[in-house]
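Novice: missing the sequence, but the structure's below:
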């Protein structure tokens, strides 16, 4: 998302998060002296943190969007990928508020190469989107893939694939997170996610994970440095791991290699 | 294209055309007091006119783009659909000039629903496109469809389909244009196209084809009014017919109905 925002020359202001997701007071402070066009968020099983915005904060966020007249772009692509607890209702619940645009994606629940998704929003916003020149001219961004995915839904294949993925991803999440707990030094902390693709590690303050990356590559393990997810390129002592792609046994091996690299760095 | 330009709030200046395509002197006149970011054109079997930019004008256009430093966006989606004469080399020939971006589309030569195309341009421009946040994030706009079309090309099916389409479209073009010549009043003129999808009719100056449209619909025939293709919404006495979709016999019936509507209007 940051790359896309940069292409549109947007001024991006990041907000702090805690275990309940984005800290709404931090948003209120910014709203006191900024006029945002939109607030972009991954509310459920957040990329990169794995954290989920609480139900109370969702309500408050919608209130603020109406009071200050900004759009909430809720990137809810991981919402259906819950493994150990059910998240609060998606932001799509609030589309009658006319300030909410909720995004979903078949790339996360059917096949990554599809690059096909859906938008739930108020009919006024929907009209603006469907009368857009690009969509109007082509009759849609991707009608061929849409037709195939429509069949997959109608035949029940999407539902079946989602159940399958949830089973596989739960195993992979457990494998990675258990291996991390068993192997990482005590100075590295993380919150085990309840869904999604990611585990987010916090290293001691002085570590720059971007500098750690070449060493990790030497040991055949990789990660996304925290700075990659920050508009100010801070979060330097964080890193993101994805458990979506590799088999459980590979994730365990990777966790051990990463733990060795981090332990070497900290000693 | 006009809809997409409007979404980006571009100031669009239209240029006159004659049988050799866009009149380059008209472009030079504008360049004397305007600084365009890009020049958009459908150089071969133009939509809506069916006309083709001459080889000499192509050379001159590229010279001007270098002299005045603007990009040429050449929408060459009909280039491969030649039926009765071979067009000049596509603008893709000039991509080393670094001011040319040539667009192609499988939607015109394989199947309309694909919404998949290609871009030929200088490697510098290509780098800017491939590092775009949207494309970088998704690994491409449409990798699933791309893989299927790649197979169609490798198996020779695209080539076969193009030959088939050229045969079918030639028949349809001939059917429509013959029926138009036989049925339209003498005050309506048109240039029979050598390729593409469209025949472009010029009616007497006082006719507004947008006003003619409801009457045409009453007679079960339709067209695109000329004003639709003009940024100033002039070209009111023109209309565009497409011969790509209907069978030859349907096109003949349609031409007869349209001729009756126009004759009624002019009498």
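Specialist: Ah, there it is. For clarity, every value in this text was computed on a predicted model and none was experimentally measured. Residues are numbered from 1 along each chain as shown, chains lettered A, B, ... in the order given.
Novice: which residues of chain A lie near chain B?
Specialist: A:1-7, A:107, A:111, A:113-115, A:132-134, A:136-145, A:147 (Cβ under 8 Å from any Cβ of the partner chain). In this view, the C-beta of every residue, glycine as well, is placed from N, C-alpha and C.
Novice: quick check: closest non-adjacent residue to the residue of the stretch 101-250 of chain A at minimum distance from chain B.
Specialist: With Cβ to the nearest Cβ, the shortest gap between the stretch 101-250 of chain A and chain B falls at residue A:133, namely 2.9 Å. Using Cβ to Cβ, 6 or more residues apart in numbering or on different chains and skipping residues adjacent in sequence, the residue nearest residue A:133 is residue B:3, 2.9 Å away.
Novice: so how far is residue B:229 from that neighbour?
Specialist: Per Cβ to Cβ, to the nearest Å, residue B:3 is found 11 Å from residue B:229.
Novice: likewise residue A:178?
Specialist: As judged by Cβ to Cβ, residue A:178 and residue B:229 stand 64 Å apart.
Novice: show me where the stretch 101-250 of chain A has strands.
Specialist: For the stretch 101-250 of chain A, the strands defined by DSSP state E, counting those that start in this stretch occupy A:117-121, A:189-190, A:198-202, A:224-225, A:238-242.
Novice: mind listing the strands the first one pairs with, and their directions?
Specialist: Partners of strand A:117-121 in the sheet, by DSSP bridges, are strand A:100-105 (antiparallel).
Novice: show residues contacting the strand it pairs with.
Specialist: The list of residues contacting strand A:100-105 from outside it, by Cβ atoms under 8 Å, 6 or more residues apart in numbering or on different chains, reads A:62, A:65, A:71-77, A:79-80, A:90-92, A:94-95, A:116-122, A:125.
Novice: I'd say the residue of the stretch 101-250 of chain A closest to chain B and residue B:9 touch.
Specialist: No: with contacts defined as Cβ atoms under 8 Å, residue A:133 does not count as touching residue B:9, sitting 11.4 Å away.
Novice: contacting residues around the residue nearest to residue A:133?
Specialist: A:132-134, A:136-137.
Novice: and the worst-scoring helix or strand of chain A on mean pLDDT, what does it pack against?
Specialist: Lowest by mean pLDDT, DSSP states H and E among the helices and strands of chain A is helix A:133-138, with a mean of 83. For helix A:133-138, the elements it packs on are helix B:2-7, judged by 3 or more Cβ pairs under 8 Å, 6 or more residues apart in numbering or on different chains; DSSP states H and E.
Novice: what distance separates the helix it packs on from the middle of the whole chain?
Specialist: Here the centre of helix B:2-7 is set off from its chain's centre by 16 Å, with Cα atoms, centre = their mean, to the nearest Å.
Novice: in chain A, which spans are helices?
Specialist: In chain A, the segments counted as helices under DSSP state H are A:2-7, A:24-31, A:55-68, A:106-109, A:123-130, A:133-138, A:143-154, A:157-183, A:209-218, A:248-266.
Novice: where among these is the average confidence lowest?
Specialist: Of all those, helix A:133-138 carries the lowest average pLDDT, namely a mean of 83.
Novice: thinking again about what came up before, deepest in the core, which of the strands of the stretch 101-250 of chain A is it.
Specialist: strand A:238-242 (a mean of 23; mean count of other Cβ atoms under 10 Å in any protein chain shown).
Novice: other SSEs contacting it?
Specialist: Partner elements for strand A:238-242 (3+ Cβ pairs under 8 Å, 6+ apart): strand A:198-202, helix A:209-218, strand A:224-225.
Novice: for these, give me TSV that also has distance to residue A:17.
Specialist: Below are these laid out as TSV (distance: least, Cβ to Cβ, whole Å):
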stretch	distance to residue A:17
strand A:198-202	10
helix A:209-218	17
strand A:224-225	16
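Novice: closest one to residue B:242 among the strands of the stretch 101-250 of chain A?
Specialist: Judged by Cβ to Cβ, the one of the strands of the stretch 101-250 of chain A that comes nearest to residue B:242 is strand A:117-121, at 30.7 Å.
Novice: just want the angle from that closest one to helix A:123-130.
Specialist: Angle between the axes of strand A:117-121 and helix A:123-130 is 140 degrees (criterion: axes from the mean of the first three to the mean of the last three Cα atoms, to 10 degrees).
Novice: circling back: count the neighbours of the residue of the stretch 101-250 of chain A closest to chain B for me.
Specialist: By the criterion of other Cβ atoms under 10 Å in any protein chain shown, residue A:133 has 15 neighbours.
Novice: any idea how far residue A:69 is from chain B?
Specialist: Per Cβ to the nearest Cβ, to the nearest Å, residue A:69 is found 21 Å from chain B.
Novice: in contact with that residue, which residues?
Specialist: Counting by Cβ under 8 Å, 6+ apart, residue A:69 touches residue A:99.
Novice: how much space between it and residue A:146?
Specialist: For residue A:69, the distance to residue A:146 (Cβ to Cβ) stands at 33 Å.
Novice: also residue A:202?
Specialist: Going from residue A:202 to residue A:146 by Cβ to Cβ gives 40 Å.
Novice: and residue A:105, by the same measure?
Specialist: 13 Å.
Novice: overlap in contacts, the two.
Specialist: Common contacts of residue A:105 and residue A:146 (Cβ under 8 Å, 6+ apart): residue A:116.
Novice: still on that earlier bit, among the helices of chain A, which is the most enclosed?
Specialist: When the helices of chain A are compared using mean count of other Cβ under 10 Å, helix A:106-109 is most buried, at a mean of 20.
Novice: can you check what pLDDT the model gives residue A:139?
Specialist: So residue A:139 comes in at 79 (pLDDT).
Novice: same question for residue A:205.
Specialist: At residue A:205, the pLDDT recorded in the model is 96.
Novice: please name the nearest non-neighbouring residue to it.
Specialist: Excluding the flanking residues, the one nearest residue A:205 by Cβ to Cβ, 6+ apart is residue A:237, at 5.5 Å.
Novice: isn't the one you found up against residue A:212?
Specialist: No: Residue A:237 is beyond contact range of residue A:212, at 9.7 Å (criterion: Cβ under 8 Å).
Novice: just give me the residue right at the centre of chain A.
Specialist: The residue lying closest to the centre of chain A (Cα atoms, centre = their mean) is residue A:47, at 2.5 Å.
Novice: tell me what the nearest residue to that residue once chain neighbours are set aside is bridged to.
Specialist: Distances taken as Cβ to Cβ, 6+ apart put residue A:198 closest to residue A:47, at 5.8 Å, once the chain neighbours are dropped. Note on residue A:198: beta-bridge partners by DSSP bridges are residue A:242.
Novice: quick one, what contacts residue A:198?
Specialist: Taking Cβ under 8 Å, 6+ apart as the criterion, residue A:198 is in contact with A:45-50, A:240-243.
Novice: please redo it, this time with the cut-off set to 6 Å
Specialist: Neighbouring residues of residue A:198 by Cβ atoms under 6 Å, 6 or more residues apart in numbering or on different chains: A:47-48, A:50, A:240, A:242.
Novice: what's the most distant pair in these?
Specialist: A:50 and A:242 (10.3 Å).
Novice: residue A:138 against residue B:115, yeah?
Specialist: Yes: if you go by Cβ atoms under 6 Å, residue A:138 and residue B:115 touch, sitting 4.9 Å apart.
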